[in-house]
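Q: Fold the following and give me the result.
(one chain, ligands or ions: 1)
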Amino acid sequence: MKKIGVLTSGGDAPGMNAAIRAVARKCIYHNVEVYGIYYGYQGLIEGHIKKMELGSVGDIIQRGGTTLYTARCPEFKTEEGRAKAIEQLKSHGIEGLVVIGGDGSFMGAKKLTELGYPCIGVPGTIDNDIPATDFTIGFDTALNTVIEAIDKIRDTATSHERTYVIEVMGRNAGDIALWAGLADGAETIIIPEVDDSFDDIVDRLNRGHERGKRHSIIIVAEGVGSGFDYGKRIQEATELETRVTVLGHTQRGGSPTAFDRVLASRLGAQAVDLLLEGKAGRMVGIQNNQLVDHDIIEALETKHELDLSMYQLSKELSI
Ligand code: ADP
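A: As a prediction, this is how the structure comes out:
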């Protein structure tokens, strides 16, 4: 394989740039030409493709977002769209592709592989919702952003007697909420994976208030619904003054943490190695601190699991 392409697709995540850098540098290290494909699959279809040099990825390891930009591309879900993408790959002589993104992007990568174009998926999403890897690129940075915000809310929370509801991202996964809740000693964590009754949540808050707690922090994962709805219901049920903060897209930005930079560097380089070994249709990941790779379809058919012992622990520690 003499020419490899790299693109970022779906939602952006801090650390994607470190992964792009690793792909580019690892290719050049192996004397393989590397091409940056801009705007995800959309840019692939439209031919936004540029050869990368060593300097193309200089000074990006510390930057959030993705310097290759990203886009959603409904056309790529059609056979005609994918045929156009293949024409572009052929005309540039690109023989293999590294796709950095989430599960949707991986489905696209699998379909291209089935059409004879070897692809490797690198998990990049703040949600940590991809099976077959313990961590995705961007999760740790998003988590630290959330912690910083909650710490600030705590400062004002201790000054007033209030209940604070904080809605965090994560799509259908509760990872950000659970890790943030444990890291920040939240009184209550509401996540899609656990069906806690609303009455239990109210009981816990009331008990805490009776014991003299001056404030409570409740973290709501976006996958269970709106933080504002929970805030309203909690205020009505407990009669405690309640404030709601939706952290929103701040969670997607910022300079990646050391953990995400290292993870992205390892996974990006691993993807290139797999292509050069002749492997295709696989996703890379990290499990028990070991680099692993799995067939994309088999991986996506398994369920992403949260370690619910952490949920129990957070309850025990926040009594
Ligand atoms: P993410 O990769 O973050 O999960 P999306 O689900 O939006 O984000 O997927 C990103 C892009 O991947 C889509 O816009 C589309 O171009 C492509 N894609 C998603 N699902 C498929 C599919 N089933 N077949 C082909 N391409 C897909």
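
Q: use CA for all of it now, contacts and neighbours both
A: OK.

Q: What is the distance between whichever strand or helix holds L267 and the centre of its chain?
A: Using DSSP states H and E, L267 falls within helix 258-276. Relative to its parent chain, helix 258-276 has a centroid offset of 15 Å by CA atoms, centre = their mean, to the nearest Å.

Q: And stretch 275-284, by the same measure?
A: Offset of stretch 275-284 from its chain centre (CA atoms, centre = their mean): 21 Å.

Q: average pLDDT for that stretch?
A: For stretch 275-284, mean pLDDT rounds to 98.

Q: Could you list the buried residues of it?
A: For stretch 275-284, the neighbour count (16 or more other CA atoms under 10 Å) marks 275-276, 279-284 as buried.

Q: out of those residues, which touch the ligand?
A: With CA under 6 Å from any ligand atom as the criterion, these include none near the ligand.

Q: Out of these, which sit inside helices?
A: If you go by DSSP state H, the buried residues of stretch 275-284 have 275-276 in helices.

Q: so of the buried residues of stretch 275-284, which ones are in strands?
A: Those of the buried residues of stretch 275-284 mapping onto strands are 282-284, per DSSP state E.

Q: Make a markdown table out of those residues and add distance to V168.
A: Output for these, formatted as a markdown table (distance: CA to CA, whole Å):
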| residue | distance to V168 |
| --- | --- |
| R282 | 30 |
| M283 | 27 |
| V284 | 27 |
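
Q: And the contacts of the lengthiest helix in the chain?
A: The longest helix of the chain (DSSP H) is helix 139-159. With contact meaning CA atoms under 8 Å, 6 or more residues apart in numbering, helix 139-159 is reached by 13-14, 125-128, 163-164, 166, 168, 176, 179-180, 183-184, 214-217, 247, 250-257, 259-260.

Q: send the alpha carbons of the helix holding L267 over as CSV?
A: Taking Å, rounded to 0.1, in the frame of the first residue of the first chain, the C-alpha atoms of helix 258-276 are listed here in CSV:
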residue,chain,number,x,y,z
ALA,A,258,-2.6,14.3,27.9
PHE,A,259,-4.7,11.1,28.1
ASP,A,260,-6.6,11.9,24.9
ARG,A,261,-3.4,12.9,23.0
VAL,A,262,-1.6,9.7,24.0
LEU,A,263,-4.7,7.6,23.1
ALA,A,264,-5.1,9.3,19.8
SER,A,265,-1.5,9.0,18.9
ARG,A,266,-1.5,5.3,19.7
LEU,A,267,-4.8,4.5,17.9
GLY,A,268,-3.9,6.6,14.8
ALA,A,269,-0.6,4.9,14.4
GLN,A,270,-2.1,1.5,15.0
ALA,A,271,-4.7,2.1,12.2
VAL,A,272,-1.8,2.7,9.7
ASP,A,273,0.0,-0.4,10.9
LEU,A,274,-3.1,-2.5,10.3
LEU,A,275,-3.6,-1.2,6.8
LEU,A,276,0.0,-1.9,6.0
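
Q: before we move on, back to that, out of the contacts of helix 139-159, which sit inside helices?
A: 176, 179-180, 183-184, 259-260.
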